[in-house]
Every structure is written in C-alpha cells, then in structure tokens.
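Undergrad: Have a look; sequence and predicted model below, questions after that.
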Amino acid sequence: MATFTGEEYRLAQPDDPATADIEAWYMDDSTEDQRLPHRLNPNKPATLEKLRGLGVLYWKLDADNYETDPRLAAIRKIRNYSYIEIITIAKDKLPGYEQKIKSFYEEHIHADEEIRYVLDGRGYFDVRDLDDKWIRIDCKKGDLIVLPEGIYHRFTLDTDDYIKAMRLFVGEPVWTPYNRPQEEHPSRKRYVTDFGKVAAA
C-alpha cells in the first residue's frame with residue numbers, strides 16, 4: 001500500500017468551489033454546431049459546488065510545468081493514477097478525426113473514472129445532472145477534471161478545433177464507452193446509488 005505525507009495529501013485536494021477558476025453552465029436545446037457554447041438565454045451558471053454534487057472533481061494546475069509539478073505528482077500518487085498518455089485532438093493530428101469527434105459526442109458512461117488534464121487548447125465536457133439536464137463544463141489550459149464512473153457525459157472541442165490533453169488512468173487503460181441507455185449497467189447503478197435518483201432513461 002502506498003504511503004504519502006501530509007503535504008502530498010494537502011496538495012492533492014480538489015480546488016475549493018468558493019475560489020475555483022472554472023466555468024460551467026446549463027445548455028440550450030439547439031441542434032446547431034456542437035462546438036458553440038450553447039448557453040441558455042439568460043445564462044444559467046452551474047457552480048463547482050453543483051458539479052461536486054454530481055461527483056465531478058476539479059483542479060487548476062500549472063500546465064507549462066506538468067512534468068515537474070508537485071501537485072500533479074501528489075494527485076497521481078494519492079489517487080493511484082499510474083498510467084498517463086498525452087493526446088492531441090486536431091484535424092491534422094488525430095487519425096480519423098471526424099469519426100473520433102462524432103464518437104466523443106455520443107452520450108455514454110464508462111466503467112471507470114474519466115480523468116483529463118488540459119495542457120493546451122480547449123474543449124467542453126457535458127454532463128447530465130440528476131434531472132437529466134445537460135451542464136457544459138468549459139475546460140481550458142491547466143484544468144484537470146475527473147468525471148465519476150457511471151455519469152452520462154460527452155465531449156467536444158470548441159470552434160478552435162484543438163486540444164492537447166493528458167489522459168490518466170488507474171492501472172492499464174480501458175477507454176470503452178457504453179452509449180446510453182445504460183440504466184442496468186453496474187457502473188450506472190453505483191453512480192445512482194452514490195449520487196442520487198436515476199434520471200429518466
């Protein structure tokens with residue numbers, strides 16, 4: 001079993017919702033380009049405290065120094081994120097770009113946490129709240145986000161069509177998406193038990 005110091009434990013704590021530098025909002029129902037912000041009018045923000053209630057965790061880190069950042073090292077150690085890889089999503093960088101972007105935007109769950117650290121660029125993670133409403137999380141350089149096992153979610157780039165991100169995982173990576181509906185999937189059942197009533201399928 002890994003041991004860690006009090007300082008490592010302190011460094012690994014998610015950002016305080018009262019001071020966190022992240023923006024999220026409830027989405028409109030428009031079928032326009034998925035890369036647009038899709039805010040309601042008037043805008044309806046979703047606080048980090050609200051996201052915490054859905055199991056979403058957030059850190060603002062030093063993306064320019066990720067290789068030597070003691071806070072990232074502490075997060076990895078305490079949360080047992082033993083595997084990392086860096087992926088660039090852009091038209092000229094990712095083979096099968098159009099198909100990959102389409103698949104990322106299909107509503108799905110995973111049987112494990114989804115952990116992403118934005119090193120450059122920008123993207124949107126959309127998550128369902130417990131009333132089945134979409135919340136869009138604006139993820140920019142330096143943002144590390146953890147989505148819990150079993151939460152319905154999807155991902156898209158913004159109109160700049162570029163993100164460079166670190167993918168982290170506990171043990172060997174498994175990226176299998178399970179597209180909705182998945183109400184009988186064990187991970188979805190655990191999520192509902194942990195975080196509240198099931199949304200309508």
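TA: Arrived safely, thanks for sending. Bear in mind the structure is a predicted one, so any value in this text is a computation, not a measurement. Residues are numbered from 1 along each chain as shown.
Undergrad: which helices and strands does the helix or strand bottoming out on mean pLDDT in the chain pack with?
TA: The least trusted helix or strand in the chain, going by mean pLDDT, DSSP states H and E, turns out to be helix 97-104, with a mean of 91. The contact analysis (3 or more CB pairs under 8 Å, 6 or more residues apart in numbering; DSSP states H and E) places helix 97-104 against strand 83-90, strand 153-157. From N, CA and C alone the C-beta is placed, and that goes for glycine too.
Undergrad: who's in contact with it?
TA: 89-91, 94, 154-157, 177 (CB atoms under 8 Å, 6 or more residues apart in numbering).
Undergrad: go again using 10 Å as the cut-off
TA: Here helix 97-104 makes contact (CB atoms under 10 Å, 6 or more residues apart in numbering) with 34-35, 87, 89-91, 94, 96, 123, 125, 153-157, 161, 177, 179.
Undergrad: For whichever helix or strand comes after it, what is the distance to the chain centroid?
TA: As assigned by DSSP states H and E, the chain's next helix or strand after helix 97-104 is strand 108-109. Relative to its parent chain, strand 108-109 has a centroid offset of 12 Å by CA atoms, centre = their mean, to the nearest Å.
Undergrad: which of the helices and strands packed on helix 97-104 sits most buried?
TA: strand 153-157 (a mean of 22; mean count of other CB atoms under 10 Å).
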